[in-house]
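In: Quick check, what structure comes out for this input:
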Amino acid sequence: EPRASRSLQPHRVQSATTAASMERAPGHESGSESEAGGNGGMSQSESGIALPPGASDAPLQQVPVLSLHPTQLVVGMQQVQEKAQRMVGKGHLVKPNKREKWQRKRPIPVILGPPPAPAHEQAASNTAADGAAAGVGAQAGSAAAGVHPQDGGGQLRQGQAQESASQQQQQQGQQQGPPVMYLVDHHHLAAALVSLGLPTCWVQVVEDCSGMQPDAFWAHMQERSYVWPFDAQGRPLPLKDFVAALPRDVRGLRDDPYRALAALVRKAGGYDKVWVPFSEFRWANWLRGRVGC
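Out: Below you'll find the predicted structure:
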């Protein structure tokens with residue numbers, strides 16, 4: 001147990017509000033993972049994320065764990081390992097029927113959304129946007145030099161770049177593949193299942209946003225606090241950069257040791273668990289500048 005958790009015990013914090021207020025980034029919020037348990041019938045995930053009404057009544061579906069797309073970049077790998085060890089130690093995985101019963105009691109909330117753009121499409125989109133910006137810059141430079149934009153090729157190049165970007169957006173909408181499932185919670189559980197070689201899990205689709213275009217979808221995810229757009233050093237990322245950095249499945253999640261430390265501090269009595277989205281990630285960021293890890 002880290003010394004940090006023992007040192008915080010004499011100064012027990014009754015709420016995560018202090019850490020949350022220190023590290024709060026408006027719109028950059030989502031849920032932290034916790035041990036499975038009830039939430040009093042509220043329309044929330046187990047980590048305090050507000051879900052649409054009736055989410056808990058959504059039918060269960062069994063899907064491949066690796067078909068689930070993360071909505072955060074990091075987990076506490078120590079917590080993933082401990083969760084896997086508890087699952088084995090408590091005998092949840094001994095028999096298939098017992099394993100299925102245990103998993104069905106812990107469904108993972110997911111959202112249907114548009115598939116992530118392939119890397120080459122993202123690069124082409126960025127290039128088109130840069131081209132449009134360059135056209136605007138050329139037009140401004142011509143005006144500064146006393147040359148009317150219509151007298152040169154700047155306006156034509158700008159129009160071509162904008163048209164190219166618009167055509168790419170239309171093609172992306174027309175060629176958009178089947179919807180995919182995005183994790184709302186339980187990234188640690190999903191990673192633990194993969195580490196144990198378990199291929200499937202049970203999920204509940206709490207919202208269907210598959211008809212949205214990608215930009216609108218991710219704006220909605222951010223607005224609803226379904227994402228945690230911070231890197232492994234706890235630094236906030238612009239939404240576009242965050243989406244581009246997301247791994248395709250939980251195997252690509254990176255380790256944030258301060259996320260594991262925050263969980264240990266809570267278990268040692270350093271602070272109380274509260275229904276605040278990503279409370280343990282918030283505490284991790286609070287601890288990051290105060291404790292060596």
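In: same for the lengthiest strand in the chain, what does it pack against?
Out: In the chain, taking DSSP state E as the definition, the longest strand is strand 200-208. Applying 3 or more C-beta pairs under 8 Å, 6 or more residues apart in numbering; DSSP states H and E, we find strand 200-208 packed against strand 60-64, helix 96-104, strand 108-113, helix 187-195. The way it works is simple: take the backbone N, C-alpha and C, and place the C-beta from them, glycine included.
In: What residues of the second one count as buried?
Out: Within helix 96-104, the residues that qualify as buried by neighbour count (16 or more other C-beta atoms under 10 Å) are Arg99, Trp102, Gln103.
In: cool, the shortest one as well?
Out: If you call a residue buried by 16+ other C-beta under 10 Å, then strand 60-64 has these buried ones: Val63.
In: Go ahead and name everything in contact with whatever helix or strand comes next after it.
Out: The helix or strand immediately downstream of strand 60-64 is strand 68-69, counting by DSSP states H and E. Outside strand 68-69, the residues that touch it by C-beta atoms under 8 Å, 6 or more residues apart in numbering are 108, 110, 113, 116, 180-183, 190, 201, 203, 246, 248-250.
In: Among the residues you listed, which pair sits farthest apart?
Out: The span of the contacts of strand 68-69, defined through C-beta to C-beta, is set by Pro116 and Cys201 at 20.0 Å.
In: residues near the closest residue to Phe230 other than its chain neighbours, how many?
Out: Nearest residue to Phe230 in three dimensions, chain neighbours excluded: Pro236, at 5.5 Å (C-beta to C-beta, 6 or more residues apart in numbering). For Pro236, the neighbour count with other C-beta atoms under 10 Å is 16.
In: how much space between Pro236 and Asn285?
Out: For Pro236, the distance to Asn285 equals 9 Å [C-beta to C-beta, to the nearest Å].
In: between the two, what contacts are shared?
Out: With C-beta under 8 Å, 6+ apart, Pro236 and Asn285 have common neighbours Phe230.
In: quick one: low-confidence parts of the protein?
Out: Within the chain, the set of residues satisfying pLDDT under 70 comprises 1-43, 46-48, 119-176, 293.
In: quick one: secondary structure of Val274?
Out: Three-state call for Val274 (DSSP: H, G, I helix; E, B strand; the rest coil): coil.
In: got the contact list for the closest residue to Gln61 other than its chain neighbours?
Out: Closest residue in space to Gln61, ignoring its immediate chain neighbours: Val203 at 5.4 Å, by C-beta to C-beta, 6+ apart. Neighbouring residues of Val203 by C-beta under 8 Å, 6+ apart: Leu60, Gln61, Gln62, Val63, Leu68, Pro107, Ile108, Pro109, Val110, Met181.
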